[in-house]
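> Below is the sequence, then the predicted model.
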Amino acid sequence: MITLSDRIALFADGLQAAQGELVQCSSWDDVWEHAVALSDETPVVSPAAYEQLQRGELPDDTDPLRSIADRSVGVTVATLAVAETGSVLLIEPTPRDRAISLLTRHLIVAVSAEDIVEDLAEGFLWLGQQPRAAAYATFVTGPSRTADIERSLTIGVQGPSRMTVAVLG
């Protein structure tokens, strides 16, 4: 078992290798300030992030996808992070929750430092012990990327072009 500071350092390396960014935050206020500094509009937030931040714009209940499509910054919360790969686990029970991680141009994912596990095996072990209530559980590693038939890699075509993980603690 590696120390918390080693897990954070390993996570930062994995995230950077996947072209993601890491910012360490001591509070949810720091997460909000980071989001506001990156956006030309009020950041859109997932319901889970809103519970912590008590500010931001929530996706519209009636048409969540259209209400946030192509917004500059979205903030959501990861259930855990995987140090080995720089991945975050997003458990999103509804399309309204999931829209933030798919449709904003710059995704900010907040995760507690205590919720960084060492490797995927530990992450899957944790996931297997959870009740099956969530409709969507996704490991995300860095910004969206896709390659065409000629193997030309493009960032941000099918999701956020930038991803920052805000590690709390």
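Received it, and whenever you're ready, just let me know what you need.
> so what's I155 scoring on pLDDT?
I155 carries a pLDDT score of 53 in this model.
> Could you do G20 as well?
So G20 comes in at 93 (pLDDT).
> Phi, psi for it please.
phi -90, psi 170 (degrees, to the nearest 10).
> how deep is it tucked in, by neighbour count?
Using other Cβ atoms under 10 Å, G20 is surrounded by 24 other residues. (Each C-beta comes from the backbone N, C-alpha and C, glycine too.)
> can you check L65 too?
14.
> Surely it and D97 touch.
No: counting by Cβ atoms under 8 Å, L65 stays clear of D97, with 11.8 Å between them.
> now the strands: where do they sit in the protein?
21-25, 44-45, 73-77, 80-82, 87-92, 106-112, 116-117, 136-140, 145-147, 153-155, 162-168 (DSSP state E).
> Could you export those as JSON lines, including distance to A12 and mean neighbour count?
Listed next are these as JSON lines, based on distance: least, Cβ to Cβ, whole Å; neighbours: other Cβ atoms under 10 Å:
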{"stretch": "strand 21-25", "distance to A12": "5", "mean neighbour count": "16"}
{"stretch": "strand 44-45", "distance to A12": "24", "mean neighbour count": "28"}
{"stretch": "strand 73-77", "distance to A12": "19", "mean neighbour count": "28"}
{"stretch": "strand 80-82", "distance to A12": "10", "mean neighbour count": "25"}
{"stretch": "strand 87-92", "distance to A12": "13", "mean neighbour count": "24"}
{"stretch": "strand 106-112", "distance to A12": "12", "mean neighbour count": "24"}
{"stretch": "strand 116-117", "distance to A12": "10", "mean neighbour count": "22"}
{"stretch": "strand 136-140", "distance to A12": "16", "mean neighbour count": "17"}
{"stretch": "strand 145-147", "distance to A12": "19", "mean neighbour count": "13"}
{"stretch": "strand 153-155", "distance to A12": "19", "mean neighbour count": "12"}
{"stretch": "strand 162-168", "distance to A12": "8", "mean neighbour count": "23"}
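> Output those strands in CSV; the columns should cover distance to Q52.
Shown next, in CSV, are the strands of the chain (distance: least, Cβ to Cβ, whole Å):
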stretch, distance to Q52
strand 21-25, 11
strand 44-45, 9
strand 73-77, 7
strand 80-82, 16
strand 87-92, 15
strand 106-112, 7
strand 116-117, 18
strand 136-140, 19
strand 145-147, 29
strand 153-155, 28
strand 162-168, 9
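> And the contacts of the longest helix seen in the chain?
When the chain is parsed with DSSP state H, its longest helix is helix 4-17. In this structure, residues lying in contact with helix 4-17 by Cβ atoms under 8 Å, 6 or more residues apart in numbering are 2, 21-22, 24, 81-87, 113-114, 116-118, 141-142, 165, 167.
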